[in-house]
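Peer 1: Only the shape, not the letters, is given here:
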């Protein structure tokens, strides 16, 4: 879980934030009088007296050690121009009004992802109504994770039906060509996996309801990426070892994000979110499941997820051809379900 440094004299305020942000951020109290003994986390909130000159110098020096791309939010009195000016002079990336509203705070902390989500591709104008609906659902899914709110499954269910209809009427190849143009690697990947999983379900002869479940799962499976820094998600070069370690946390972050949606999201969907990187031979993550511990829906989503990653467009590498991507899946041998992979070959033929 991401950690939040909370610089304040008030233990009451930090306890309130801990309760309200439980399962979203790990809040730790930092004593303003002992700043030089500590360092800011990637997320920091400063809620202390900005009229005390002795503290201002300590805060300014302390802020110099904040992580690259770190967010530092100052809590100030409502409509105080003087405190706003002071906060930004000290190095604030944004401000919130006191008393702190947690939803406002989260929207500021996760604002880079919100900006990414709002920069949309215009699928509707291109006649891709299913892709447009899926994109809107992805925005709602990631926003719920960022703000610690419950999902609105009705919207996602409606988008799932639209995706099924578009894949059925226009085909997987048309879907891939459209969503590959998305400006965001994260959204592009989620849309690719959604379309591939839906097409796979259609090939397997699943019912409309089951195809919609796969479409729903495709949109939901990477919800945990809402808590991964955008600098890592959208990096224009391969991830290094430390960045990959952060990225591998997204299945568990995804499960945490769904805690407030247990009544709205079926257990099988939560299973897909946390286990879509598990392999049959036990070499996957985060729990090292193997064999019969992995459900059929997860097996389908894992194949779709890997294939989607291989054919997506990235700034540092061209997409693999459909045949090459399928060959790489085959080379994974005992990691994937061989019967499902045999059927998946027919899905890749139409791309």
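Peer 2: Thanks, I have it. Treat the numbers as computed from the prediction; the structure is a model and nothing was measured.

Peer 1: Nearest residue to residue 67 in space, ignoring adjacent ones along the chain?
Peer 2: residue 42 (5.0 Å; Cβ to Cβ, 6 or more residues apart in numbering). For the C-beta atoms, the positions are set from N, CA and C on the backbone; glycine is no exception.

Peer 1: Next, residue 5: secondary structure please.
Peer 2: Following DSSP: H, G, I helix; E, B strand; the rest coil, the label given to residue 5 is strand.

Peer 1: By mean pLDDT, flag the weakest helix or strand of this protein.
Peer 2: When each helix and strand of the chain is scored by mean pLDDT, DSSP states H and E, helix 111-118 comes last, with a mean of 61.

Peer 1: What's the first helix or strand after whatever helix or strand residue 27 lives in?
Peer 2: Following DSSP states H and E, the helix or strand that holds residue 27 is strand 26-30. Counting by DSSP H and E, the next helix or strand C-terminal to strand 26-30 is strand 43-47.

Peer 1: starting at the chain centroid, how far to that next one?
Peer 2: Relative to its parent chain, strand 43-47 has a centroid offset of 23 Å by Cα atoms, centre = their mean, to the nearest Å.

Peer 1: Direction-wise, compare that strand with strand 26-30 and give the angle.
Peer 2: 40 degrees (axes from the mean of the first three to the mean of the last three Cα atoms, to 10 degrees).

Peer 1: How about whichever helix or strand comes after strand 43-47, which residues are buried there?
Peer 2: Scanning forward in sequence from strand 43-47 by DSSP H and E, the next helix or strand is helix 53-63. Neighbour counts using 16 or more other Cβ atoms under 10 Å place 55-56, 58-59, 62-63 of helix 53-63 among the buried residues.

Peer 1: So among these, where is pLDDT lowest?
Peer 2: Among these, residue 55 has the lowest pLDDT, at 80.

Peer 1: Report how many residues lie close to residue 153.
Peer 2: If you count neighbours by other Cβ atoms under 10 Å, residue 153 ends up with 18.

Peer 1: which residues touch it?
Peer 2: Neighbour list for residue 153: 261, 264-265 [criterion: Cβ atoms under 8 Å, 6 or more residues apart in numbering].
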